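A.B. asks: Model the following, please.
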Amino acid sequence: MGKAACKSRSIAMDRLDTLVTDHLVERLFQPARLTELLASTLGRRSRQAVEVDQRITTLQSDLTKAEDKLKRLYRMVEDGLTELDDILKDRITDQTRPRQGPRGA
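C.D. replies: Model prediction:
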C-alpha cells in the first residue's frame, strides 16, 4: 500500500455492500413509510385525473357550441335568410377552427 492508503481497518466489498443494502432496506422499506409514499402518489394521480376530466368536459362543451353555431349558419344559408358572402365565410372559418384544434393536431 502506498502513502495515500487509509490506515483504518479494511472491510471486504461484499460485506460492505450487504451492510449498506440492509440498512437501506431497514430505513426505506418500512410499511408505514411505503404506505405514506403510495398514498401521496395516489392522491396526486387522483387530482390530476380530475383536472384532465374537467379539461375534457370543457373542450367537449366548446366543440358542441362551435358545431351548433356552424349548423345555424348553414341553416341560414340553406333557408335563404342570408347570402354566403365573405363575412359569412370568415365566420364559418372561425367556427371551424375549434373543431380542427385537438383533432387536427
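A.B. asks: show me what contacts residue 96?
C.D. replies: Residue 96 sits next to 66, 70 when contact means C-beta atoms under 8 Å, 6 or more residues apart in numbering. Heads up, the C-betas are built off the backbone N, CA and C, glycines and all.
A.B. asks: Tell me where the model's unsure across this protein.
C.D. replies: Applying pLDDT under 70 to the chain flags the ranges 1-3, 98-105.
A.B. asks: at 50 instead, please
C.D. replies: The chain contains residues with pLDDT under 50 at 104-105.
A.B. asks: just the helices in it please.
C.D. replies: 13-28, 31-78, 86-104 (DSSP state H).
A.B. asks: can you tell which of the ones you listed is closest to residue 7?
C.D. replies: Evaluated over these, closeness to residue 7 peaks at helix 13-28, with 17.5 Å, by C-beta to C-beta.
A.B. asks: Can I get that closest one in CSV? Just the C-alpha atoms.
C.D. replies: The C-alpha atoms that make up helix 13-28 are tabulated as CSV, following Å, rounded to 0.1, in the frame of the first residue of the first chain:
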residue,chain,number,x,y,z
MET,A,13,-16.5,-5.1,-0.5
ASP,A,14,-19.3,-7.8,-0.4
ARG,A,15,-19.6,-7.3,3.3
LEU,A,16,-19.9,-3.5,2.9
ASP,A,17,-22.4,-3.9,0.1
THR,A,18,-24.5,-6.2,2.4
LEU,A,19,-24.3,-3.7,5.3
VAL,A,20,-25.3,-0.7,3.2
THR,A,21,-28.1,-2.6,1.4
ASP,A,22,-29.5,-4.0,4.7
HIS,A,23,-29.5,-0.5,6.2
LEU,A,24,-31.3,1.0,3.2
VAL,A,25,-33.9,-1.8,3.3
GLU,A,26,-34.5,-1.2,7.0
ARG,A,27,-34.9,2.6,6.5
LEU,A,28,-36.6,2.9,3.2
